[in-house]
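Participant: sequence isn't available, so here's the structure alone:
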């Protein structure tokens with residue numbers, strides 16, 4: 001039986017576009033779900049169901065390793081604590097105290113810190129073009145979020161919720177950087193599955209303090225439809241592609257795709273919820289796309305020049 005050929009490295013630049021699409025859609029879905037189910041309980045349900053599905057896939061592919069618990073697995077535990085438990089706990093708690101604009105602006109800095117961390121700790125490449133692409137995308141994200149209103153930007157007020165969001169930001173950056181190291185030993189599928197299984201256990205413990213599991217069985221059909229979307233798209237597919245991207249093209253390049261999340265969230269709100277969109281937001285979207293293309297294109301040119309020098 002002929003095995004399915006894995007996409008080449010260049011294909012992941014396009015496959016990763018699915019990640020911000022699913023994560024952008026998850027904002028609206030999550031906003032409704034937590035009106036019926038408490039945040040940590042909803043997060044536990046989401047990642048637990050995704051874990052079960054991934055375990056079935058990984059067992060079917062016979063990819064689970066018997067000697068999984070070795071010295072390298074400490075990285076898996078840290079990824080679970082940061083990217084699954086820590087990020088969700090900080091993020092959901094922060095939404096009680098801060099605005100969506102503040103939250104979006106803070107999380108929009110993720111690619112900056114991931115790129116800096118990847119440069120210092122993972123020895124990933126850095127040049128002026130990457131920096132320009134990063135700044136273009138960051139400025140574009142800000143335009144999208146504040147809708148081009150200087151008054152909205154100047155009226156920002158920071159509070160305890162923003163400090164909690166910084167905790168979520170740190171967790172996500174650590175998750176990405178450790179992932180690059182872990183996936184030198186484990187495959188992205190095994191890494192995604194194991195981090196979600198362990199992370200779900202931590203989330204389940206946290207959800208006990210909410211004492212809200214009784215409301216799960218009374219959730220509406222809309223909530224279960226949105227949960228299905230988040231489990232399949234925003235969790236199983238998106239997290240796997242994210243980890244695969246980190247392995248194939250690097251943590252800094254993969255993190256750039258997070259700048260596309262606000263764009264997709266805005267477009268989905270426009271198409272499905274009747275929201276409006278301004279010309280500054282459109283300009284911001286264009287800047288983000290140019291920044292992402294600029295950065296990824298720079299990588300391709302750098303790789304091509306490196307090969308040419310080696311062959312010279």
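Facilitator: Done, it's in. Keep in mind it's a predicted model, so treat the numbers as computed, not measured.
Participant: surely residue 265 is in contact with residue 31?
Facilitator: No. Using C-beta atoms under 8 Å, residue 265 is not in contact with residue 31, being 10.3 Å away. For glycine as for every other residue, the C-beta is placed from the backbone atoms N, C-alpha and C.
Participant: where in the protein is pLDDT low?
Facilitator: Applying pLDDT under 70 to the chain picks out residues 1-9, 62-72, 95, 98-105, 147-148, 156-158, 269, 273-275, 295-312.
Participant: who has more neighbours out of residue 265 and residue 31?
Facilitator: residue 265 (23 against 12; other C-beta atoms under 10 Å).
Participant: now do the end-to-end distance for stretch 141-150.
Facilitator: This stretch, stretch 141-150, spans 14 Å end to end (C-alpha to C-alpha, to the nearest Å).
Participant: for stretch 172-190, that is, sorry about that
Facilitator: 19 Å.
Participant: grab the nearest non-local neighbour of residue 153.
Facilitator: residue 146 (4.9 Å; C-beta to C-beta, 6 or more residues apart in numbering).
Participant: what number of residues lie near that neighbour?
Facilitator: 22.
Participant: residue 260 too?
Facilitator: Quick note: residue 260 (other C-beta under 10 Å) scores 25 neighbours.
Participant: residue 277 too?
Facilitator: Quick note: residue 277 (other C-beta under 10 Å) scores 14 neighbours.
Participant: mind listing what it touches?
Facilitator: Residue 277 makes contacts with 266-267, 270, as judged by C-beta atoms under 8 Å, 6 or more residues apart in numbering.
Participant: which residues touch the nearest residue in space to residue 174 that is not next to it in sequence?
Facilitator: Closest residue to residue 174 apart from its sequence neighbours, by C-beta to C-beta, 6+ apart: residue 82 at 4.6 Å. Residues counted as contacts of residue 82 (C-beta under 8 Å, 6+ apart) are 170-172, 174-175, 178.
Participant: ok, residue 161 - how many residues close by?
Facilitator: The burial count for residue 161: 19, using other C-beta under 10 Å.
Participant: residue 159 reaches residue 97, doesn't it?
Facilitator: Yes. Taking C-beta under 8 Å as the definition, residue 159 is a contact partner of residue 97 at 5.5 Å.
Participant: chain neighbours aside, what residue packs nearest to residue 245?
Facilitator: Residue 245's closest residue in space is residue 254 (C-beta to C-beta, 6+ apart), at 3.8 Å.
Participant: the one you found is in contact with residue 246, isn't it?
Facilitator: Yes. Counting by C-beta under 8 Å, residue 254 does reach residue 246; the two are 5.0 Å apart.
Participant: who's more crowded, these two?
Facilitator: Each of residue 254 and residue 246 has its neighbours counted (other C-beta under 10 Å); residue 246 has more, 30 against 27.
Participant: check which element follows the strand or helix carrying that one along the chain.
Facilitator: Counting by DSSP states H and E, the element that carries residue 246 is helix 238-249. As assigned by DSSP H and E, the chain's next helix or strand after helix 238-249 is helix 251-255.
Participant: helices or strands up against the helix or strand following that next one?
Facilitator: Next along the chain after helix 251-255, taking DSSP H and E as the criterion, comes helix 261-273. Applying 3 or more C-beta pairs under 8 Å, 6 or more residues apart in numbering; DSSP states H and E, one finds that helix 261-273 makes contact with helix 18-33, helix 128-146, helix 279-311.
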